[in-house]
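Participant: whatever this is, show me its structure:
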Amino acid sequence: MENNSKYKLSLIEKLAEYIALKLNVHLKKEGLELLKLKLGLEIILINLSKFIVIFLVAAYFNLLKEAALMSLVFGSIRRYAFGLHAENSIVCTITSLLMFVFGSYLSYHLILNNYIILISFLVIIIVLYKYAPGDTEYHPLLGEKLRNKLRKASVITGMILMVLALIIPNPTIKTIITLASGFEIISILPVTYKILNRRYKNYEEYEDAII
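Facilitator: Below is the predicted model:
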């Protein structure tokens, strides 16, 4: 399995390099700028390959629409709240399958009424206000102004999703919105960082060094 993963990664690297060189005929980038272009393309291709796997599995179980909606809701909060990332591609893919595919399956069997949804989202919004945005060792969110802006945007997004979950009559969609929001919240909780042995509030190290 590990050898196959490395082989796939090498293919992605070669493809990213090929595309970068083709684009560079017009962009005329050199040195570090060309390397940034290649690395950016690698990230896009790796993420694209993960989504292809996730949606193929979802389609196999006739959960494609549900998985797409769940990933859209999850991404709408994560865009501002950020949070932990898996430390390797395999773990990320497995975690994403559990969230988006198994979560979609669960949405047909876990019926949430509006009282439960309201209580759930009140907890979600409080957690967003208190802990968002969550950064990582590789992506510290520097600057209090930026963090306050992201926190505000994540709370507003949570409120919008709460309203949608309350007014949409379809019980499956209501559950999908609530579950996807809950999955994102888990990634910013301090206890999650502690359990996974990851450093919390990474921006402090950089800002203390500047001071």
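Participant: tell me where the model's unsure across this structure.
Facilitator: In the predicted model, the chain carries pLDDT under 70 at residues 1-10, 206-211.
Participant: and the lengthiest helix in it, what does it pack onto?
Facilitator: Counting residues, the longest helix found in the chain (DSSP state H) is helix 31-60. Where contact means 3 or more CB pairs under 8 Å, 6 or more residues apart in numbering; DSSP states H and E, helix 31-60 is packed against helix 2-27, helix 64-81, helix 89-96. C-beta: built from backbone N, CA, C; applies to glycine.
Participant: the same query, at a cut-off of 6 Å, please.
Facilitator: Packing partners of helix 31-60 (3 or more CB pairs under 6 Å, 6 or more residues apart in numbering; DSSP states H and E): helix 2-27, helix 89-96.
Participant: endpoint to endpoint, stretch 128-137 covers what distance?
Facilitator: 20 Å (CA to CA, to the nearest Å).
Participant: cool, and stretch 184-195?
Facilitator: 16 Å.
Participant: show me the contact partners of that stretch.
Facilitator: Stretch 184-195 is contacted by residues Phe74, Ile77, Arg78, Ala81, Gly83, Leu84, Ile124, Val127, Tyr131, Ala132, Gly134, Tyr200 when judged by CB atoms under 6 Å, 6 or more residues apart in numbering.
Participant: ok now the longest helix of the chain, how far from the chain's centre?
Facilitator: On the basis of CA atoms, centre = their mean, to the nearest Å, helix 31-60 is displaced by 14 Å from the centre of the chain it belongs to.
Participant: quick one on the thing from earlier: between the contacts of stretch 184-195, which is nearest Asn47?
Facilitator: Checking the contacts of stretch 184-195 against Asn47 by CB to CB gives Arg78 as the nearest, at 12.8 Å.
Participant: next one: that closest one from Gly134, what distance?
Facilitator: 10 Å (CB to CB, to the nearest Å).
Participant: if we can go back for a sec, deepest of the helices and strands packed on helix 31-60, which one?
Facilitator: helix 89-96 (a mean of 15; mean count of other CB atoms under 10 Å).
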